[in-house]
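[1] What follows is a predicted protein model with its sequence.
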Amino acid sequence: MAKDDDGTVSSPLAEVELETLILQKVEEVSSQIDSAKHVDQVICALHSLAVRLFPIDSSSICGIFPTISSKVLAAKVPSDSERDEWRHVFYHSAASPAMYRMLIYNVTSHWLSSFPPIARKQVYDSFFIEGPSTEIIQILVPALKQNGSTDKFNFEAIRLNIERLLVLCLLEKEGVHHMVSKFDLQFAGGRNVGELLKTDGSLIISRAAQFLVSIPDRATLKALPLLSSHSFIRRIVIQLLNGAEERTLELYSSVDTSDATPVDGSYFFVGEAFSRICRRGSAGEIFLKDMQLFNLQFQNNCCCLCNHMPICVHREIQLSMKYYARIMEAMKDQYAVERLSETLLRQLSTKNTSEIEAYWVLWVLFNRCFKHENSLRAIFVEKFLIWKVFPVCCLRWIIQFSVLEHAPNNEGSTYPKTKNFFDVVQRLVIVWSKRDFVQSAHVEQQAYITAAVGLCLEKMTNEELETTKDLLSSILQGVSCRLESPIHLIRKMGSSIALAFSRVVDPANPVYLEDICCGNIDWEFGLVSLAKKQQEAYKISTDNAELKISKSDKDPAYFNKKHKNIKDNEKNSKIQILEARKSVLDESIGPELRNNDHIDAKYVSDVDSNHSESTSDSSLQPYDLSDDDGDLQNRFSQLADVSAALRKSDDPDGITRALDVTEKLIRASPDELPHSSGDLVQALVSVRCNDVAVEGHEDSTEERRQRALIALIVSCPFESLHVLTKLLYSPKVDISQRILIIDVMSEAAQELADTTFVTVDQSRSLISSVSENQQWFIPSRHGPLGAGPWKEVEEVGVLSWSHRYERVLPSRPGQVKKGKSRRWSLGKTRESPPNQTKNRFPLYAAAFMLPAMQGYDKKSHGVDFVNRDFIVLGKLIHLLGICMKCIAMHPEASSMASHLLDMLRSREIAHHAEAYVRRSALFAASSILTALHPSYVASALIEGNQEISNGLEWIRTWAFHITESDPDTECSTMAMRCLQLHAEMALQTSRALETAGSSSHRVSISPSMIKDIIIPPSTR
């Protein structure tokens, strides 16, 4: 039987005869194994066939089993050529599947555990190691799953043996590398991978790739560590890349031009395997860890490419990198290509890759596909620019490769812009300028697209800008709607685009609307990672959440100037941008100054007296005769005179002098105050501080007006609030005046709740007060004499649904503390009683809250809180939340909470398009949870009043929905805080119900009451 050079039998008739002979031999071995009584008989039967197929060391087997040595040594050993013929026919005929089944099931289940290691290696493992990997994997992998025909065998032993063989054949013997070289289905240049997919060979390749990648999923928990997902994928990727590289060198060694692109089955197999690796989620975790070799090759070779020399000059340098591009071309799964491209960009960003190196990496991998395949172009131009969020360095690379389509240059040379560039810029600006996008998109997404628009604008000239249709109007629209936002980061995005746009139009006169340096714009906008923000979310208290809402909103001068910008929007957009600069700069006032707007009257009088004493020291100095006319001016001593002076808009000096004394006169509580309060409120609200104040002192004038209004509300609450709530919804006031009204009402409510001090003479009250001025989850102040205040203790790194408090207790009687100091007196020192606050606000809570909630959703001439004036709506809801905090633990809180919950549950507020309003609503909801005492909720449940319980359940459901789906990160953080407070409230309420149920008067609690109480688990 002659044999050709490729190892096959020359004559078809001889091959058929040999195949028949091998089948007879396999049948003989099978019958001997079935009739065997001892393990040496099985080994002898397997040896009789293995010695004809593989080079076997028979003497090693004889040394272990002397009883079969004569039969083993008597077996005929063929020559090398005959052994090759037998092995070729065996693995390409029906004999190998039959033998595999016998080895996997019969031998493994009954005899393999008794095989010595040497015998197992010689007569058992050789059948799998020497066989083609493409066939072995299709035999072993399906056998990992038990079926009905294998129930009679020891399937656990079979599975462990198969896992061992997979590690041996694929990893230790590098069978995956062998598979790549076997799928060498090369086609002519006229055929492509698409035609290859239609052939029968593609089905075999796809099936083999599917079996290969699915091995970690099919393996058991007891499998070898090498079959774990992490280790197995990492090892087969290395073999796949090595095999593809060798195949590339073989193909291109015989190709003279780079245009000849033979399609090979090896690339298709590697591409199919990579597609399935990406599909199973291992592209970022495993694949790019092995891209160190990939990055190293590019770093070694990009130095030549960076010199802008023709690519053909570096053909030999690029030859070792060509297989990456061929693999990308062979990958037809677009999702896998997207995942692979995304992880590649993120991996390069972590390795400090330069812009020019990153460009050539993308060029070598995707250039051919990017030019000819619209799907890959859509991935880069649509998904990577609009839908995904990458680091800014990755964004620069994406724009350079897919939009500009040329290598970055440091020599100042310009390239002509393609039509694709202008189309992409137009599409980006249209998306960026929509108000719906500003309202609904995540802040990170907005910052990313803003950076994309800005980086594209920096590449344009004024002439190119003029040729783009409707680009100017879209940019002005986007800048305008962002400058109207009360969120600082959103305004910063608009001002950054305005600066980039102005540099294109007139580089000599840039427009600065923010504290942006004159150099490069920070397109990252100082954003921290989302993971870091989520870690800090649980440490944010309700007070900090309140501060976030009102961080830039408590400055009335900001809204005065902002309203002026909004009113002039229709006249001139450029004027609006320039004037908004001052409004944004006003936000630089620190939060400490904003939170201390209220100054106690006693403190003001002390400052004034000190000022008068300091001025009296200068009485010996010469008089300034130029000031004599000012000393002769009238001094205001009556509220009627003050009110009249404030109405004289043509006398700015008189208005200034009136504002100087208004607060002092109101704090003095004259007899005519109740009668003049309404007129004085209208006069103070109508004053235009920006028009009457000296330039540069507008803030101090505004502060004096605000303090006067606060004093007026505190001194005459009912009379002042009656006028203010009417003015709040009056069409005769503008947005800045409405915000002023809300701000002074907020400050006045806090003053009424906290600033009246009384001294308690008795150590313990005769009647305990349920309206104690502290939150319900803080322990009671009652305790032994000398006990310190309660302080909250934070647990670092542990998320807890409850609060922990500690305080210092006095020593027990007779307890002696050792120390250096001595006690000379045994008498007890008498401690001064603590100071407590008397909350006056609950008496006026209804006057503050109910009129303010009545007309928020009404739309009339000049009044539209829900849509146009959403800032006023957010401030109003924030005011109501502060009012709830001021009546915490008071019976009035339950009645006011019902009305406020009805307002919050309306769709106009709970699902408002603006994140600012949703933040305010979440703050109000958290204020309700802290204001209601659990005993009130328990009493309502026992009495059958479902109004409060339904409202609290709505807060839980609504907060959970916001946590999952709200695009604003701050809203999600505040919603988590609401859920935490609700869980604590539910726990305390359930304890109150248990106490009520175990009391002497047994109370029947219906199941509907219990279902309203939802207690989360202690750990998340």
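    Looks like it arrived, so ask away.

[2] can you count the residues close to Q334?
    Residues contacting Q334 under the criterion other Cβ atoms under 10 Å number 14. C-beta coordinates here come from the backbone N, C-alpha and C atoms, glycine included.

[3] how near is it to C369?
    Counting by Cβ to Cβ, to the nearest Å, the gap from Q334 to C369 is 11 Å.

[4] shared neighbours, these two?
    Jointly contacting Q334 and C369 under the rule Cβ atoms under 8 Å, 6 or more residues apart in numbering are L376.

[5] If you count residues, where's the longest helix of the protein?
    Of all the segments of type helix in the chain, defined by DSSP state H, the longest one is helix 969-997.

[6] That one - what's its average pLDDT?
    Taken as a whole, helix 969-997 has a mean pLDDT of 88.

[7] Also stretch 144-160?
    If you average the pLDDT over stretch 144-160, you get 76.

[8] okay, how far is it across it, tip to tip?
    By Cα to Cα, to the nearest Å, the extent of stretch 144-160 from end to end equals 9 Å.

[9] Contacts for it, please.
    Contacts made with stretch 144-160 from outside it, assessed by Cβ under 8 Å, 6+ apart, are listed as 104-106, 108-110, 112-113, 143, 162-163, 218-220, 222-223.

[10] Count residues in the vicinity of the nearest residue to W790 once chain neighbours are set aside, would you?
    The shortest distance from W790 to any non-neighbouring residue, by Cβ to Cβ, 6 or more residues apart in numbering, is to Y805 (4.4 Å). Y805 sits with 12 neighbouring residues when counted by other Cβ under 10 Å.

[11] May I have the secondary structure class of Y805?
    strand (DSSP: H, G, I helix; E, B strand; the rest coil).

[12] got a pLDDT number for it?
    In the predicted model, Y805 carries a pLDDT score of 70.

[13] all strands for the stretch 851-1000 of the chain, in order.
    All strands of the stretch 851-1000 of the chain, identified by DSSP state E, counting those that start in this stretch, fall at 859-860, 863-864.

[14] now swap in the chain and tell me
    Under the criterion DSSP state E, the chain carries strands at the ranges 757-759, 791-793, 804-806, 835-837, 859-860, 863-864.

[15] Need the mean per-residue confidence for the last one.
    What strand 863-864 shows for mean pLDDT is 85.

[16] likewise stretch 182-192?
    Along stretch 182-192, the predicted confidence averages to a pLDDT of 55.

[17] Quick check: which ranges of the stretch 851-1000 of the chain have low pLDDT?
    Where the stretch 851-1000 of the chain drops to pLDDT under 70, the residues are 997-1000.

[18] swap in the stretch 301-450 of the chain?
    By pLDDT under 70, the weakly predicted segments of the stretch 301-450 of the chain are 301-321, 410-413.

[19] Tell me which stretches of it form helices.
    Under the criterion DSSP state H, counting those that start in this stretch, the stretch 301-450 of the chain contains helices at 315-319, 322-330, 334-349, 355-372, 374-378, 392-398, 419-433, 435-440, 443-458.

[20] Could you give me the buried positions within the last one?
    Of the residues in helix 443-458, those buried by neighbour count under the rule 16 or more other Cβ atoms under 10 Å are 443, 445-457.

[21] In terms of secondary structure, what does it contact?
    In terms of contact count using 3 or more Cβ pairs under 8 Å, 6 or more residues apart in numbering; DSSP states H and E, helix 443-458 is assigned the packing partners helix 392-398, helix 419-433, helix 435-440, helix 488-505.

[22] Redo the ones you listed as TSV? Include mean neighbour count and distance to G951.
    Rendered in TSV, the data for these read as follows (neighbours: other Cβ atoms under 10 Å; distance: least, Cβ to Cβ, whole Å):
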stretch	mean neighbour count	distance to G951
helix 392-398	21	45
helix 419-433	19	39
helix 435-440	16	27
helix 488-505	21	32
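
[23] Quick one: closest of these to S895.
    helix 435-440 (34.2 Å; Cβ to Cβ).

[24] Other residues contacting stretch 105-123?
    Residues beyond stretch 105-123 that count as contacts (Cβ under 8 Å, 6+ apart) turn out to be 30, 33-34, 36, 39, 42-43, 46-47, 50, 56-57, 60-61, 64-65, 124, 150, 153-154, 157-158, 161.

[25] Pull out the buried residues from that stretch.
    Of the residues in stretch 105-123, those buried by neighbour count under the rule 16+ other Cβ under 10 Å are 105-112, 115, 119-120, 122-123.

[26] So for A94, what's the nearest residue that isn't a sequence neighbour?
    Ranked by Cβ to Cβ, 6+ apart and with sequence neighbours excluded, the top spatial neighbour of A94 is L23, at 6.9 Å.

[27] OK, contacts around the one you found?
    S93, A94, A95, A98.

[28] And the nearest residue to W363 once chain neighbours are set aside, how far from H861?
    Closest residue in space to W363, ignoring its immediate chain neighbours: F401 at 6.7 Å, by Cβ to Cβ, 6+ apart. In this structure, F401 and H861 are separated by 54 Å, where distance is defined by Cβ to Cβ.

[29] Of these two, which one has the most company?
    Of the pair F401 and H861, F401 is the one with more neighbours under other Cβ under 10 Å, namely 24 against 7.

[30] Hmm, I379 and that one touching each other?
    No - using Cβ atoms under 8 Å, F401 and I379 do not qualify as a contacting pair, with a distance of 11.7 Å.

[31] Quick one: residues contacting the residue lying closest to S48 once chain neighbours are set aside.
    Counting by Cβ to Cβ, 6+ apart, the nearest residue to S48 once its immediate chain neighbours are dropped is A75, at 5.5 Å. If you count contacts by Cβ under 8 Å, 6+ apart, A75 has them with H47, S48, V51, S58.
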